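> Okay, sequence plus prediction incoming.
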Amino acid sequence: MKNNSIKTVVAIGIGSALFVVIGLLINIPTFVPNTSIQLQYAVQSLLALIFGPIAGFFIGFIGHTLKDAIVYSPWWSWILASGLFGLIIGLLKSRIHLQKGKFEKKDIVLFNLVQFAANVVLWGVVAPVLDIVIYSEPVNKVFIQGLAAGLVNSVTVAIGGTILLAVYAKTQVQQNSLTKE
């Protein structure tokens, strides 16, 4: 068990660093102000499915906090949404068995249904409501930003995340794939 906790802590550190670097280097603006295409959520999805919900949460939470602190100041409502996204995706670890070399059509569908729902709810509802409560932001502004972010993140994770998961699964040895000669 200790070995798994060490791996999780290392995954959180590396994942958080990747979240920051990717978030700073690949930041493609959208038509909505202060909203951009963020590729780090695809990487967060991969690491959350490999290391589980706790790692997924902290990769998003720590990574987003550091990224915000470098660029301006932490925006806690969106930071929490990033953490919760990793936690939700990490909960799929028991249903999608990447380490066994499996990422089949049913896994792709499950992953994308969950990530889409998580993105839309977290960015389209949770983050905007927290923006209003914490920062007294205008209602119409935050819901437009949140829905745009949720939709863009959904597409990014659907494409980038699915590719990363499929490639990773192919690098794993499938159970019962070795035969005796």
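Everything's here; your move. Numbering: from 1, shown residues only.

> And Lys100, what's its pLDDT?
Here the pLDDT value assigned to Lys100 is 92.

> How many neighbouring residues does Val109 have?
10 (other C-beta atoms under 10 Å). Where you see a C-beta, it was placed from the backbone N, CA and C, and this is true even at glycine.

> Next one: it from Thr162, what distance?
Going from Val109 to Thr162 by C-beta to C-beta, to the nearest Å gives 10 Å.

> repeat for Asn27
Plainly put, Asn27 is 22 Å away from Thr162 if you go by C-beta to C-beta.

> Please identify which of these two sits among more neighbours.
Thr162 (18 against 14).

> what's the closest non-adjacent residue to that one?
Ile108 (5.9 Å; C-beta to C-beta, 6 or more residues apart in numbering).

> One more: Ala149?
Excluding its sequence neighbours, the residue lying closest to Ala149 (C-beta to C-beta, 6+ apart) is Trp123, at 4.3 Å.

> shouldn't the one you found be in contact with Ala81?
Yes - counting by C-beta atoms under 8 Å, Trp123 does reach Ala81; the two are 5.9 Å apart.

> And the next helix or strand past the strand or helix carrying the residue nearest to Thr162?
Element membership of Ile108, judged by DSSP states H and E, is helix 105-121. Remark: after helix 105-121, the chain's next helix or strand is helix 127-135, criterion DSSP H and E.

> what's the angle from that next one to helix 105-121?
Orientation check (axes from the mean of the first three to the mean of the last three C-alpha atoms, to 10 degrees): helix 127-135 against helix 105-121 gives 30 degrees.

> Touching the helix or strand that contains Ser45 from outside, list them.
Assigned by DSSP H and E, Ser45 falls within helix 40-51. With C-beta atoms under 8 Å, 6 or more residues apart in numbering as the test, helix 40-51 has contacts from 7-8, 11-12, 14-15, 18-19, 22-23, 26, 55-56, 59-60, 63, 82, 85-87, 89-90, 92-93, 96, 98-99, 111, 115, 119, 153, 156-157, 159-161, 163-165, 168.
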